[in-house]
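# what's the 3D shape of this:
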Amino acid sequence: MSVQMKIFNGDALGILFVIFIPAVIGYLVSIVNVYAGLITGIFLFLVFLAAAIRIVNQWNRKAVLSFGKYVGIMGPGIHIIIPFIQTTPVTLDLRVINTIFKAEKTLTKDNVPVDVDALLFWKVLNSESAVLNVQIYKESVQLAAQTALRDIIGKTELSEMLAGRDVIGKDVKNLIQERITDWGIEAISVEIRDVSIPPDLQDAMARVAVADREKQARVKLAESESLAADKIIEASEKYKRDLFAMQLRSLNMMYEISLNGKNLMVFVPTDSKGFSIPTPLGVEGIRGLFDKSNNKNASQDEKKKTKNKESNP
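Predicted coordinates:
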């Protein structure tokens, strides 16, 4: 974007006009009366000076017109224009300006009405273009931003808007820049501040989110139960091979139960041989049960073999 512009440099002509015209009129009046001419000249000089002087701040620029014709852009400082001939109707601000704009009840691509609140940061780069190419540049920028936001919303689905606000902001900014480039204005960035959807749709989305979370929780719980069952089966095989490991696990469980000091444990006396350890069933007792079970199975096998021999001599 070109930033070259016509600069106002008519201060010398303005000073000459402010001094020369009152002096001439005062001289003509002094021909009749010297004091009246002097007073008239001083009065006209003050009036012309008040009408001609312009003070421009560092961050501002003024457009100068001479009988309606564009003369140039007035820079910062004190300037003198030709009074009653030249005017400065437009003052521009070169600082970064923020503009709030909204799109209410705009349909998305999937036909969902939304209210979007956004913020545009922009600045004037070419004061001449901002004066000559657009009527009221601030209002025009706001309207261009609003229509651009509506266009982007109409091309975007609701899920994309809620998940990618940065992307939507960049798209809106690029579309705004296309429309305001000829005005000598640069769109710096667009921030999407809020996206509002109908309350009934919010409730539906909330229920979907809750159901999805509950589904994930149930799946995780089932996976945990399955994993725990597998580990318990592995542990039972180890305890079956080593009875002392099972005894140590039993002691550890009693220790965990007694940690908080609020649980009451009652041990029922049993005929167990657990190294004088008060457990419901000691290691030796378990081994005795296994031996009895093995002996019983062996005797049953012997009886079956004997019967088979008697039946088949």
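# Tell me the confidence at Thr88?
pLDDT, Thr88: 92.
# what residues does the host helix or strand of it touch?
Following DSSP states H and E, one finds Thr88 within strand 86-93. The contact list for strand 86-93 (C-beta atoms under 8 Å, 6 or more residues apart in numbering) reads 10, 14, 54, 59-66, 71, 74, 81, 124, 127, 130-131, 137. (C-beta placed from N, C-alpha, C; glycine too.)
# Now, of these, which are buried?
Among these, those classed as buried by 16 or more other C-beta atoms under 10 Å are 10, 14, 54, 60-65, 71, 74, 81, 124, 127, 130-131, 137.
# Identify those among these that sit within strands.
Using DSSP state E, 54, 60-65, 71, 74, 124 are the members of the buried ones among the contacts of strand 86-93 that sit in strands.
# Let me have these in TSV, adding distance to Ser30 as columns.
As requested, those are exported to TSV (distance: C-beta to C-beta, whole Å):
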residue	distance to Ser30
Arg54	31
Asn60	41
Arg61	41
Lys62	36
Ala63	39
Val64	34
Leu65	35
Val71	34
Met74	35
Val124	49
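# residue ranges with poor pLDDT in the stretch 151-300 of the chain?
202, 205, 243, 258, 260-300 (pLDDT under 70).
# what about the strands in it?
185-196 (DSSP state E, counting those that start in this stretch).
# before we move on, back to that, kindly calculate the angle that whichever helix or strand comes after the strand holding Thr88 makes with strand 185-196.
Next helix or strand after strand 86-93 toward the C-terminus (DSSP H and E): strand 97-107. On the basis of axes from the mean of the first three to the mean of the last three C-alpha atoms, to 10 degrees, strand 97-107 is oriented at 50 degrees to strand 185-196.
# Would you map out the domains in this structure?
Per the record, the chain has its domains at 11-93, 97-197, 207-237, 242-305, by automatic domain parsing.
# out of the ones you listed, deepest packed?
Highest mean neighbour count among the domains of the chain (mean count of other C-beta atoms under 10 Å): domain 97-197, with a mean of 18.
# could I have the helix or strand encompassing Leu120 exported to CSV, CA atoms only?
Using DSSP H and E, Leu120 maps to strand 113-124. Provided in CSV are the C-alpha atoms of strand 113-124 (Å, rounded to 0.1, in the frame of the first residue of the first chain):
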residue,chain,number,x,y,z
PRO,A,113,-28.5,-18.6,14.7
VAL,A,114,-25.6,-17.1,16.6
ASP,A,115,-24.7,-13.7,18.1
VAL,A,116,-21.0,-12.9,17.6
ASP,A,117,-19.2,-10.0,19.3
ALA,A,118,-15.8,-9.1,17.9
LEU,A,119,-13.1,-6.4,18.2
LEU,A,120,-11.1,-4.9,15.3
PHE,A,121,-7.8,-3.1,15.6
TRP,A,122,-6.9,-0.9,12.7
LYS,A,123,-5.0,2.3,11.8
VAL,A,124,-4.8,4.9,9.0
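# mean confidence for that strand?
Mean per-residue pLDDT for strand 113-124: 90.
# Mind listing the strands it pairs with, and their directions?
Next to strand 113-124 in the sheet, as set by DSSP bridges, lie strand 97-107 (antiparallel), strand 185-196 (antiparallel).
# Turn those into JSON lines, including distance to Ile39.
Output for these, formatted as JSON lines (distance: least, C-beta to C-beta, whole Å):
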{"stretch": "strand 97-107", "distance to Ile39": "48"}
{"stretch": "strand 185-196", "distance to Ile39": "50"}
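# among these, which is nearest Phe244?
strand 185-196 (65.4 Å; C-beta to C-beta).
# ok, and what's touching that closest one?
Contact partners of strand 185-196, identified using C-beta under 8 Å, 6+ apart, comprise 1, 96, 114-126, 129-130, 137, 141, 145, 161-162, 165, 168-170, 172-173, 176-177, 180.
# make it 7 Å
Contacts with strand 185-196, where a contact means C-beta atoms under 7 Å, 6 or more residues apart in numbering, come from 96, 114-125, 130, 137, 141, 161-162, 165, 168-169, 172-173, 176-177, 180.
# what's near enough to touch the residue nearest the centre of the chain?
With distances taken as C-alpha atoms, centre = their mean, the residue of the chain nearest its centroid is Arg165 (6.5 Å). Arg165 makes contact with Ile192 under the criterion C-beta under 7 Å, 6+ apart.
# which residue ranges form the helices in this protein?
Counting by DSSP state H, the chain has helices at residues 11-30, 34-52, 127-132, 137-154, 158-163, 165-180, 199-241, 243-257, 283-311.
# could I get the fifth one in CSV with only the CA atoms?
Written as CSV, here are the backbone C-alpha positions of helix 158-163 (Å, rounded to 0.1, in the frame of the first residue of the first chain):
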residue,chain,number,x,y,z
LEU,A,158,-21.0,-23.8,14.5
SER,A,159,-18.4,-26.4,15.7
GLU,A,160,-15.7,-24.7,13.7
MET,A,161,-16.6,-21.3,15.2
LEU,A,162,-16.5,-22.6,18.8
ALA,A,163,-13.3,-24.6,18.3
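# Many thanks, have a good one.
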